[in-house]
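Just need the structure, nothing else, for what follows:
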Amino acid sequence: MLVILVGIVLLVLLLTYLAINYTTVVRPGHGGTYVEAVAGQPQALNPLLSGYNPPDEDLCSLIFSGLTRLNEDGKVEPDLASDWEIGADGLTYVFHLRTNAYWHDGTPVTADDVILTIRLLQDPQFSGPPELGADVWRMVEIDKLDELTVQFTLSEPFAPFLDYTTVGILPAHKIAGIGAENLAAARFNMAPVGSGPFQVEEIESEDGVITSVVLKHFPRYFRARSYLDRIQFRFYSDYGAALDAYAAGDVEGVARVPARELERAAGLTDLNLYSAQIAEYGIVFLNLNDDGLVFFQEPEVRQALMLGIDRRRLIDEVLGGQAMVTDSPILPGTWAYQADTPDYPHNPGRAEALLDEAGWIRTTAVDTRHKTGRTMSFTILTSRDPRREALAELLAEGWSALGMQVDVESVPAAEVRQALEERNYQAALVHLKLPGDPDPYPFWHETQVKDGQNYAGLVHRRISEVVERARVTPNENRRRVLYDEFQELFADELPSLPLYVPIYTYGVDQRINDVQVGPLMRPADRFRTVLNWWLVHRRVFIRDVEAAPAQAP
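You can find the predicted model right below:
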């Protein structure tokens, strides 16, 4: 009896001690399936082809890995490559592959896989998305130094080169012999073998149309194991149908919530909305080389045009608040962005004063401004899309109030591209998708005026010198100094008019924990932190002192 009594006392004391000093907390546990609704259907689960179709990009971002990847600041960081060295001359790049990287069938990732992938990009018959940089890769020599080491040799220094190494690598033992001309028709595209954190488990289809793809975690992935066991994608005809699927309880996430669906999505109390800027911007190109538009060639007039735009109104009334104002052609928040660049807030009074100082006068409030027999009139071109047309109308309204005669012309998107390429336009409202590297050379260097993407026709010797030096300077700090100068020069010259950076909104049910969405290079980057998402709760005992929040010193 005494022994029993002592045991009971000790047990009570132990339980009391635990109750006083320990507590239970929730920790993430492994398991569970996250189901997401996506607008559209997959067509080719191949990273060399996925850029044509957002659902393909979503899946490929989880199935495949590149030598490198971009973080939310737009900086390149290791992926399949553990590290790399850049030669002092900026011509050679040596990549060392991880020793613990495997394909989903258990085969080790080697230099042969990298070489085969790049050879496909270099093939003249490769017809994949241009942003993969096939033209860049065709000027690169590739050598296998050993089974886990490859060397790229450039013909001349090219600082943005690392950005192109983010392309997904394909398995040589599955792709060898197919050839670039047959890549789009390869069976591999619907039975992919990658090296990413998730692998294809099941593809469902009805009447030849894919309705669902289930991915399961890959246990030999070279980074930490994901908490989620599976991710299932269900495909719908449009964004509205995808949101309907969430409201019906069929899915736990919605890949994109466009502005027109935001109010309805906000009313779904269990749906958390995450917003982040995406790597593109709205801009008005001005044709500086049109002899009939001499006023575009005057910096004061271009500054007045910028001051006459109420960009906040454009964003609120047309874009549903889903954008942020920008004054720079380099994305805000990225490593090259200069936050102190001069800006142009809406100021019609200052705009009118600049036009008066430049000699463009009007005698009455309704008179069109004129100088030396020329009137200030032009047409703004945009694509035949209701939001783009509404934006263009508001731009025309603001400039008309300054005494300009502005007409709006909307045409199919293909015709807008053609007009830009032929330089057959006066002003054009467009969206530009930007690569990860901030290199502004293609759009603003004077050598790109005739055949490149310098659609505005800007010829400015110092701007050209700065962006030219930056793209042959591998050192990031030196490049940043050059890009600071570029942005200051751009703000003074305003060869075209940056308007806004769009916001991407993503919906995930509150049951999915630790979802974080930072600035996106592309929509698929919303899965950048997916290894940390969790659904299953695990309760553990810890000391109270560990559970308590840290106190500020």
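
What ranges in this structure fall below the confidence cut-off?
For the chain, residues meeting the criterion pLDDT under 70 lie at 9, 12-26, 539-553.

How is it divided into domains?
Split into domains by automatic domain parsing, the chain comes to 28-61+196-270+510-553, 65-181, 280-502.

Export those domains as JSON lines, with columns for mean neighbour count.
C-beta: built from backbone N, CA, C; applies to glycine. Formatted as JSON lines, the domains of the chain follow (neighbours: other CB atoms under 10 Å):
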{"stretch": "domain 28-61+196-270+510-553", "mean neighbour count": "17"}
{"stretch": "domain 65-181", "mean neighbour count": "18"}
{"stretch": "domain 280-502", "mean neighbour count": "18"}
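
who wins for proximity to residue 187 among those?
domain 65-181 (9.3 Å; CB to CB).

Please report phi then psi for residue 470.
The phi and psi values for residue 470, taken as degrees, to the nearest 10, are phi -60, psi -40.

who are the neighbours in contact with it?
Residue 470 makes contact with 159, 439, 441, 479, 482, 483, 486 under the criterion CB atoms under 8 Å, 6 or more residues apart in numbering.

isn't there a helix covering residue 507?
No: assessed by DSSP: H, G, I helix; E, B strand; the rest coil, residue 507 does not belong to a helix; its assignment is strand.

So it sits against residue 267, correct?
No: contact criterion CB atoms under 8 Å: residue 507 and residue 267 do not qualify, at 11.8 Å.

distance between stretch 388-407 and the chain's centre?
Relative to its parent chain, stretch 388-407 has a centroid offset of 30 Å by CA atoms, centre = their mean, to the nearest Å.

Stretch 450-460 now?
On CA atoms, centre = their mean, the centre of stretch 450-460 falls 24 Å from the chain's centre.

ok, and what's touching it?
Residues from elsewhere that reach stretch 450-460, judged by CB under 8 Å, 6+ apart: 285-289, 420-421, 423, 428, 442-446, 448-449, 489, 493, 495-496.

among those residues, which are in helices?
In this view, the contacts of stretch 450-460 that belong to helices under DSSP state H are 420, 421, 442, 443, 444, 489, 493.

three-state assignment of the residue nearest to the third one when sequence neighbours are not counted?
Excluding the flanking residues, the one nearest residue 442 by CB to CB, 6 or more residues apart in numbering is residue 453, at 4.6 Å. Reduced to three states with three-state DSSP, the structure at residue 453 is coil.

thinking again about what came up before, ok, which pair from the contacts of residue 470 is furthest apart?
159 and 486 (13.5 Å).

can you pull out the strands in the stretch 401-550 of the chain?
Applying DSSP state E, counting those that start in this stretch to the stretch 401-550 of the chain gives strands spanning 405-411, 427-433, 496-509, 536-543.

can you list these in a markdown table and add distance to residue 81?
Below are the strands of the stretch 401-550 of the chain laid out as a markdown table (distance: least, CB to CB, whole Å):
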| stretch | distance to residue 81 |
| --- | --- |
| strand 405-411 | 44 |
| strand 427-433 | 26 |
| strand 496-509 | 28 |
| strand 536-543 | 33 |
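
do you know which of those strands lies nearest residue 95?
strand 427-433 (26.6 Å).

residues in contact with the closest one?
Contacts for strand 427-433 (CB under 8 Å, 6+ apart): 131, 279-287, 296, 378-383, 388, 391-392, 395, 416, 419-420, 443, 455, 502.

Need the CA coordinates for that strand. CSV is fine.
Written as CSV, here are the backbone C-alpha positions of strand 427-433 (Å, rounded to 0.1, in the frame of the first residue of the first chain):
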residue,chain,number,x,y,z
ALA,A,427,1.1,56.0,-79.5
ALA,A,428,0.4,52.5,-78.3
LEU,A,429,-0.9,51.2,-74.9
VAL,A,430,0.5,47.7,-74.4
HIS,A,431,1.5,45.2,-71.7
LEU,A,432,5.1,44.0,-71.6
LYS,A,433,6.1,40.7,-69.9
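
Starting from that strand, tell me which strands it pairs with and how they run.
strand 280-286 (antiparallel), strand 377-383 (parallel) (DSSP bridges).

Indicate which one of the ones you listed is closest to residue 400.
strand 377-383 (10.1 Å).

what element comes up after that closest one heading to the C-terminus?
helix 386-400 (DSSP states H and E).

Show me what that following helix is packed up against.
helix 311-317, strand 377-383, strand 405-411, strand 427-433 (3 or more CB pairs under 8 Å, 6 or more residues apart in numbering; DSSP states H and E).

can you put these in CSV and add distance to residue 54?
Below are the helices and strands packed on helix 386-400 laid out as CSV (distance: least, CB to CB, whole Å):
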stretch, distance to residue 54
helix 311-317, 23
strand 377-383, 18
strand 405-411, 24
strand 427-433, 12
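
of these, which approaches residue 517 most closely?
Closest to residue 517 of these is strand 427-433 (CB to CB; 18.5 Å).

Now do the closest one against helix 386-400, angle only.
Angle of strand 427-433 versus helix 386-400, following axes from the mean of the first three to the mean of the last three CA atoms, to 10 degrees, is 140 degrees.

between strand 427-433 and strand 496-509, how many degrees?
Going by the same axes, to 10 degrees, strand 427-433 makes 40 degrees with strand 496-509.

Pull the distance from strand 427-433 to the chain's centre.
Using CA atoms, centre = their mean, the offset of strand 427-433 from its chain centre is 17 Å.

With stretch 435-443 instead?
13 Å.

which residues in the stretch 201-350 of the chain form helices?
Using DSSP state H, counting those that start in this stretch, the helices of the stretch 201-350 of the chain run over 239-247, 262-266, 299-307, 311-317, 348-357.
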